[in-house]
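K.L.:
Please find the sequence and the predicted model below.
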Amino acid sequence: MPTTFITPDQDGIVCEIEVSAPADRVFQALTTGAELMRWFNSPECPVKFWEMDPRLGGRYRYATGKGTVVVNNVSEFQCRGEIVEFDPPRVLAYTWFGNWHEDPTRRTVVRWELTPKSGGTHVKVTHSGLAHLPVSRKDYAGGWPGVVEMLKKFVEK
């Protein structure tokens, strides 16, 4: 079960989970478009495509079809960004611009840290830049735990 908290400055969401898979397997799931399509997806928010160019300076983007999830009156989500930190299989960080944010032009950053542990990997995701996006911050506080659970189920298969 993941642990999740909002940072004291209200700028970030931190979500952590232990997975029974090696860090290189987890990193592959985070950086391969075809794999992201399989696990970073749900019937409530069906993904139409996931594109990922896994390298420093590479870009990614994804979009969903209309589902049952609605945030800021948006039900078809689009997200894009650039990889700003790439240290396989330890760290992946990218900018995150979502069309459902209160200000879709405001830069946020998602940073994945993978730490090998006996029998698996400690996964920590931090989504920062949310101080001025209170609706999005609340949404992510509820959303990232589900995302890391989906990742865990996928890499442990």
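P.N.:
Thanks, I have the structure now. This one's a predicted model, so the numbers in the text were calculated from it and none came from an experiment.
K.L.:
Thought Trp112 was touching Glu16, still the case?
P.N.:
No - counting by Cβ atoms under 8 Å, Glu16 stays clear of Trp112, with 10.9 Å between them. For every residue, glycine as well, the C-beta is placed using N, CA and C.
K.L.:
which residue sits closest to Gln10 in space, ignoring its chain neighbours?
P.N.:
Once flanking residues are discounted, Gln10 sits nearest to Ala131: 5.3 Å by Cβ to Cβ, 6 or more residues apart in numbering.
K.L.:
Helices of this structure, start to end?
P.N.:
Along the chain, counting by DSSP state H, helices occupy 23-31, 33-39, 134-155.
K.L.:
follow-up on the earlier one: list residues touching both of Glu16 and Trp112?
P.N.:
Overlap of the contact sets of Glu16 and Trp112 (by Cβ atoms under 8 Å, 6 or more residues apart in numbering) consists of Val123, Lys124, Val125.
K.L.:
Can you say which of the helices of the chain is packed in most?
P.N.:
Of all these, helix 23-31 carries the top mean neighbour count, a mean of 20, counting by mean count of other Cβ atoms under 10 Å.
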